[in-house]
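S.K.: Next input, structure requested:
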Amino acid sequence: MLIQMNLSEEEIRVLNYKRFREETPILQKRLHAVYLKSQMSLSNESIGLILDAHRNSVDRWIHSYLESGLSGLLSLNYVSRQTELEFYKEMIKANISEDYIQTTAEFSHRIFTLTGISRGLTQVRKFIKKMGFKYLQTGHV
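M.R.: Numbers count the residues shown, from 1 in each chain. Model prediction:
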């Protein structure tokens with residue numbers, strides 16, 4: 001099924017300008033797909049072959065542009081999971097910066113006493129790095 005896209009000259013000019021100047025490659029690919037669909041009567045499968053994308057993705061991008069316009073096409077809508085510790089981040093940071101903690105186990109214990117949340121050492125190390133702290137590994141002296 002071929003979808004006819006009747007875009008104005010201004011919309012085509014904006015698509016043509018933005019399709020190679022967007023920072024994220026996936027957004028460039030989306031813009032390029034809509035631009036190709038508006039300029040040539042190609043099937044979604046042909047556009048997918050040109051852009052190395054699945055025809056269903058091309059169809060979804062075109063429908064997104066037709067429904068929401070350029071803003072709908074440029075929204076990534078990625079959702080990242082947040083840990084429970086994120087809610088206590090400022091409290092932990094304020095409490096930890098008051099005194100010096102030497103090991104990850106101490107940090108984990110301090111987090112547990114402050115929040116009641118228990119995490120493994122690897123997850124605590126990741127959380128420490130995410131908060132901006134650095135941990136040092138020392139060898140035998």
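
S.K.: In this structure, where's the longest helix?
M.R.: Ordering each helix of the chain by length in residues (DSSP state H) puts helix 55-74 first.

S.K.: Alpha carbons of that one, as CSV, please.
M.R.: C-alpha atoms of helix 55-74 as CSV (Å, rounded to 0.1, in the frame of the first residue of the first chain):
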residue,chain,number,x,y,z
ARG,A,55,9.6,-1.7,6.3
ASN,A,56,7.4,-1.6,9.4
SER,A,57,9.8,1.0,11.0
VAL,A,58,9.5,3.1,7.9
ASP,A,59,5.7,2.8,8.0
ARG,A,60,5.7,3.8,11.7
TRP,A,61,7.9,6.9,11.0
ILE,A,62,5.7,8.0,8.2
HIS,A,63,2.5,7.7,10.2
SER,A,64,4.2,9.4,13.1
TYR,A,65,5.1,12.4,10.8
LEU,A,66,1.6,12.5,9.4
GLU,A,67,-0.1,12.4,12.8
SER,A,68,2.3,14.6,14.9
GLY,A,69,4.4,16.4,12.4
LEU,A,70,8.1,17.1,12.8
SER,A,71,8.0,17.1,16.6
GLY,A,72,6.5,13.6,16.6
LEU,A,73,9.2,12.3,14.3
LEU,A,74,12.0,13.8,16.3
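
S.K.: What segments of this protein are strands?
M.R.: Read by DSSP state E, the chain holds no strands at all.

S.K.: can you list the weak-confidence ranges in it?
M.R.: Along the chain, segments meeting pLDDT under 70 span 1-2, 135-141.

S.K.: what sits against the residue positioned nearest the centre of the chain?
M.R.: When C-alpha atoms, centre = their mean is applied to the chain, the residue found nearest the centroid is residue 78 (4.9 Å). The contact partners of residue 78, taken as C-beta atoms under 8 Å, 6 or more residues apart in numbering, number zero. Heads up, the C-betas are built off the backbone N, CA and C, glycines and all.
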